[in-house]
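>>> Got a predicted structure here, sequence first:
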Amino acid sequence: MSQHQQGIRPDRRVHRRFEDLRASLVGLGENNSGIVLNISEGGMAILSTEDLDLNSLRNLRFQAPEFEHWMEINAEVAWISDSRKQAGIRFKGLSDMARTQLRAGISIATVRAKRAAQ
């Protein structure tokens, strides 16, 4: 775990993270992709197949099963692991529509996860 990850305490987060995203994909530029480890209205943690290029993390495309289409979001890096394969991403300047779509997707995923646990 990197120093950045160790310094982030869950109680400092503004938005609750949702971690049960099956097959949630993220496009990280032309030659890299990965999966979404967790997501909230404020950002997400990702795991990439290749070393992360900080410049490619400014504009992300991602899709989760709960979302009808790929979402494109401006972002900045909150932290990056020592391996450079995992990072925390903070969303920047979300439009009202993107925020609404994100909330809806997280809400649907939360309901699905609760039903599966019963």
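It's in.

>>> contacting residues for N74?
58-59, 91-93 (C-beta atoms under 8 Å, 6 or more residues apart in numbering). (C-beta placed from N, C-alpha, C; glycine too.)

>>> Among the residues you listed, name the buried ones.
Using 16 or more other C-beta atoms under 10 Å as the burial test, the contacts of N74 include F91 as buried.

>>> Now render the contacts of N74 as a markdown table, adding distance to M44.
Converted to a markdown table, these look like this (distance: C-beta to C-beta, whole Å):
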| residue | distance to M44 |
| --- | --- |
| R58 | 14 |
| N59 | 14 |
| F91 | 8 |
| K92 | 13 |
| G93 | 16 |
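
>>> Return the subset of the contacts of N74 lying in helices.
Of the contacts of N74, none are assigned to helices by DSSP state H.

>>> for the longest helix along the chain, packing partners?
In the chain, taking DSSP H as the definition, the longest helix is helix 96-117. Of the remaining helices and strands, those touching helix 96-117 by 3 or more C-beta pairs under 8 Å, 6 or more residues apart in numbering; DSSP states H and E are strand 71-80.

>>> For burial, what's the neighbour tally of E50?
Burial measure for E50: 14 neighbouring residues, criterion other C-beta atoms under 10 Å.

>>> got it, and I39?
Neighbours of I39 (other C-beta under 10 Å): 26.

>>> quick one: it and L60 touch, right?
No - between I39 and L60 there is no contact under C-beta atoms under 8 Å: 11.3 Å.

>>> If you count neighbours, what's buried in the longest helix of the chain?
By 16+ other C-beta under 10 Å, the buried positions in helix 96-117 come out as 98, 101-102, 105-106, 109.

>>> How about stretch 66-83?
Neighbour-count burial for stretch 66-83 flags 66-67, 71, 73, 75, 78-81 (criterion: 16+ other C-beta under 10 Å).

>>> for those residues, which one is nearest R115?
Within the buried residues of stretch 66-83, proximity to R115 (C-beta to C-beta) peaks at E66, which comes in at 13.0 Å.

>>> Any chance you could spot the residue sitting in the middle of the chain?
The residue lying closest to the centre of the chain (C-alpha atoms, centre = their mean) is M44, at 2.5 Å.
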